[in-house]
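Asks: Quick one: sequence and predicted model below, then my questions.
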Amino acid sequence: MIKLSKKQGVMIALSALVAGMSVAGCSTTTETPGAVDTADNTGKVGLNLTLSNGVVINQFTATITGDALAAPIVRNIPVPNNGATVSALFGGLPAGDYEIELTATSVDGHSDCGGSAEFTVIAQTTVGVSVPITCNTDSIRGQVTVEGELNVCPDVDFLFVAPLQTAVGGPISVEAHASDSDGDTITYAWSATDGSFAAATAASTTYTCSAPGEQTITVAINDGGSCTTMHQQVVNCEPTAVCGDGLLETDKGEECESATGTPATPVAPDGILCSVTCQDIDVACGNSIEQPGEECDPPNGTTCNQNCQDITCGDSSIEGTEQCDPPGPPGAGNCTASCQTIPSVCPNGIKEPGEACDDGAAGSATCSPACVSLTPDFCAICQTASCAGPKASVTATCTGTTCNAYNTCRNNTNCDANGDSRVCYCGTPPGGAVKGSQAYEDFMAACFGAFSPSAAQAGVCKSQIETLAGTNVPIGVGTGWFDPATPLGALNQLSDCSATNCFTPPASCFQ
């Protein structure tokens, strides 16, 4: 029951509570028993009024009109005693624009009260409306202004928890953001059934559980008043793996574990392919771990190359501090046993690049003080005379236009197979005389004699030899036959050398 004073012009201001229907824990939001359950396109309007003592009014009539209603909604709001307020909740209103009108008559009939206000219903939301009420009373009456206290619960805009499962001791990120239409300062309070938070009053922080099992994380969001919104999330904290216990626990984060260890006799990871935290170590040169396939690590450019292999003198690869590789045997080459270059010095007893010989003396019968060979270089003689190309091997002596023709004939016919190139010019001695016999030598002497007719020369390479010698006179051919200063002599000596295992000239001709 409400009492009004006996003064003229009583003004009653009605304030309503606004609260979000979907927010849990809002202590100032109360749903009326038996209220209509709202659908997605409906909302609610709440009224709250506290009157001072004065004229007795025991009920108000509320009339709600709007385009979305087929007919006005008319309800009586009882005010049965001094502790009651003019308040009501209208649920199930379709979204749209409305007007509410409140009217009342005092018990003694001397006072009439009324007022109206417009409001808009938003789907799935409880909206509040304040209705100013004017009461006309007798001149002895006074007035009272009553204001309802409005407080909107904070709305949660964003909530984040990740991961929802981790090992004991592993961090879980938690974050919450809320807004308050009243502009009140919002505070956050994180709590959990076990574990701790890095900053329990921050909007964003981390949670660490200290015991295995399901743990409930709760955040309480308050707007500084009596309205608190709470949200909860269950996370699972798994027991942590024990690295080095001999058990490979991939489900707990291990990537590797000792293959020989057991819980009774644990073996620590090797630190080569398995880290001390039981994580795989990739084989990689330069990680300071000598792993399978590596001979050293890390590379240092002195003893360990960039492929993590030892720098070794004698592996035919010049690396690190090596100046040459491979080293030569003692007395030859210009590379020491430690792969350092020996400066070219003549004479020092080492035949080095650019030297034809080096016997370690100031000079000898076969090597000059300038390390120049004193033995005739038959290949060089042939090349100087008329052959352009070098001697490549035992089977390919000096090369060139005229030299090649003779070489080709000799090689194709094998006429000097017995070690005597004269057969290629003179032919085979009659009667089957063999090399070294008197009959053989007499035949050859006659072949090159001053009065020997040309018909006596029947060798398979006769024409090529005469072209190389520059004459078809046998004695003229014979003049240069064994003279190393002529192309023909050089080639014949090389040919005979090849057939008789290099007795004359020396083997150096074939190097």
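Replies: Good, I have the coordinates.

Asks: Helix, strand, or coil at residue 298?
Replies: coil (DSSP: H, G, I helix; E, B strand; the rest coil).

Asks: Going forward, the N-terminal residue is numbered 610.
Replies: Happy to do that; since the first residue is 610 now, the last one works out to residue 907.

Asks: give the contact list for it.
Replies: Contact partners of residue 907, counting by CB atoms under 8 Å, 6 or more residues apart in numbering, are 894-897, 913, 917. C-beta: built from backbone N, CA, C; applies to glycine.

Asks: hang on, isn't residue 1096 packed against residue 1074?
Replies: No. Counting by CB atoms under 8 Å, residue 1096 sits too far from residue 1074 to count as a contact (10.8 Å).

Asks: how far away is the residue lying closest to residue 805 once chain neighbours are set aside from residue 694?
Replies: Sequence neighbours aside, residue 817 is the residue nearest to residue 805 in space, at 5.8 Å (criterion: CB to CB, 6 or more residues apart in numbering). From residue 817 across to residue 694, the span is 48 Å (CB to CB, to the nearest Å).

Asks: likewise residue 907?
Replies: Using CB to CB, one obtains 82 Å as the distance from residue 907 to residue 694.

Asks: for residue 776, same thing?
Replies: 55 Å.

Asks: Same question for residue 879.
Replies: 78 Å.

Asks: same question, residue 1047
Replies: Distance from residue 1047 to residue 694, by CB to CB: 157 Å.

Asks: Same drill for the two, tell me which one is more crowded.
Replies: residue 694 (16 against 8; other CB atoms under 10 Å).

Asks: Not counting its neighbours along the chain, what's nearest residue 889?
Replies: residue 864 (4.5 Å).

Asks: From what I see, the one you found and residue 886 are in contact.
Replies: No. Using CB under 8 Å, residue 864 is not in contact with residue 886, being 9.1 Å away.

Asks: doesn't residue 782 make contact with the residue nearest to residue 805?
Replies: No. Counting by CB under 8 Å, residue 817 sits too far from residue 782 to count as a contact (10.9 Å).

Asks: out of the two, which sits in the more crowded spot?
Replies: Neighbours per residue (other CB under 10 Å) separate residue 817 from residue 782, with residue 817 holding more: 17 against 12.

Asks: residues in contact with the more buried one?
Replies: 778-781, 804-807.

Asks: could you measure it against residue 843, distance?
Replies: Counting by CB to CB, the gap from residue 817 to residue 843 is 16 Å.

Asks: Next: residue 730.
Replies: 36 Å.

Asks: Repeat that for residue 1055.
Replies: For residue 1055, the distance to residue 843 (CB to CB) stands at 121 Å.

Asks: Looking at these two, which is more packed in?
Replies: residue 1055 (15 against 11).

Asks: thought the more buried one was touching residue 1065?
Replies: Yes. Counting by CB under 8 Å, residue 1055 touches residue 1065, with 6.4 Å between them.

Asks: This structure - how does it break down into domains?
Replies: 619-745, 764-847, 987-1119 (automatic domain parsing).

Asks: Assumed residue 881 was part of a helix.
Replies: No. Assigned with three-state DSSP, residue 881 falls outside any helix and is coil.

Asks: Next one: it, what pLDDT does it get?
Replies: Looking at residue 881, its pLDDT is 85.

Asks: quick one, helices of the protein?
Replies: 987-994, 1010-1022, 1032-1035, 1047-1056, 1071-1078, 1083-1088, 1096-1108 (DSSP state H).

Asks: Thank you, goodbye.
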